[in-house]
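Asks: Attaching a predicted model along with its sequence, questions to come.
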Amino acid sequence: MAAERDLRRILARKPLLAFDYDGTLAPITGRPEQTVTPPAIRDALRTLGLYAPVAILTGRSRDDAASRLQLPDARIIGNHGAEGLPDTDTAALQAQVQQWDALIRQHFSADIQRAGLYLENKGCSLSLHTRLATDANFARQLLRRIRLALPASAYCFAGKCILNIVPFNAPDKAAALHHLVANDQDMPGRPAIYLGDDLNDEVVFQRAPAHWMTIRVGPHRHSAARYYARRQQDVLWFLLITLNHLRR
Ligand SMILES: O=P(O)(O)OC[C@H]1O[C@H](O[C@H]2O[C@H](CO)[C@@H](O)[C@H](O)[C@H]2O)[C@H](O)[C@@H](O)[C@@H]1O
């Protein structure tokens, strides 16, 4: 298969293996705290880490992702790229996010509850979850009102049943992945393989150089990824094939 041949080629060039978390390494659940990394995925990632550098780029906080993954050797970048890079002023980002959190809670708490939304503060970003919304129309209008109440420094973008809010000047996942490969201690400029399933992964796909491999988990008509995996469950298959090649 062409995809496997391409995978073999890029693996020969010792890539960084980078992954999104929710919807890619773990199945989507009703609420973020219910998510569990499938043990087979975690074990495969741990073993892969013996052969290649592994990185996780997630919209969650680093601590949250680290506790769900238990991968001592993986580099974890959190908050959509805003947390975990050396030159990021994390304290300044957290201060902005804290203000927005307070503003939202002050003016919209009752409506958030009425709509069945859930506000998640992850330090360097916020998420408003709509998966369990009781009235889709009311929820949509409420999100619009919240966006309008936030300052221009708050960058809002949608994801899977979610509105993400991050400081406009924070690095995104693409900037983070480019930073990781450019500053790799053993092999600066090594290529990357990246798997992701959501809108916050599209920036990585769009800004990937031609020698990287990008894979969208769950096909999407407008994705810029070069390959796709049909379902989240296929990610395990990808990890095992990759491991098989690296062991040769
Ligand atoms: O970049 P990711 O690792 O994919 O993180 C993106 C967001 O993932 C989480 O929300 C998503 O997964 C939840 C649990 O499966 C689901 O309930 C929600 O609808 C999804 O959008 C996480 O809670 C967010 O903080 C991340 O931004």
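Replies: It's in.

Asks: how about the residue nearest to residue 61 when sequence neighbours are not counted, what does it touch?
Replies: Residue nearest to residue 61 in three dimensions, not counting chain neighbours: residue 122, with 4.3 Å by CB to CB, 6 or more residues apart in numbering. For every residue, glycine as well, the C-beta is placed using N, CA and C. Residues counted as contacts of residue 122 (CB atoms under 8 Å, 6 or more residues apart in numbering) are 59-61, 64, 78-79.

Asks: and with 7 Å instead?
Replies: Contact criterion CB atoms under 7 Å, 6 or more residues apart in numbering gives 60-61, 79 as the residues in contact with residue 122.

Asks: Report whether stretch 46-59 contacts the ligand.
Replies: Yes. Judged by CB under 6 Å from any ligand atom, stretch 46-59 and the ligand are in contact via 58-59.

Asks: what does the chain have sitting close to the ligand?
Replies: Remark: the part of the chain in contact with the ligand comprises 20-23, 28-32, 35, 58-60, 120, 122, 127, 129, 131, 159-162, 164, 198, 200, using CB under 6 Å from any ligand atom.

Asks: So how do I select the buried members of these in PyMOL?
Replies: Written as a PyMOL command, the selection of buried residues from the residues of the chain next to the ligand, which uses 16 or more other CB atoms under 10 Å, is:
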select buried, resi 20+21+22+23+28+32+35+58+59+60+120+122+127+129+159+162+164+198+200
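
Asks: Just the ones of the residues of the chain next to the ligand in strands?
Replies: In strands, judged by DSSP state E, the following of those are found: 120, 127, 129, 159, 162, 164.
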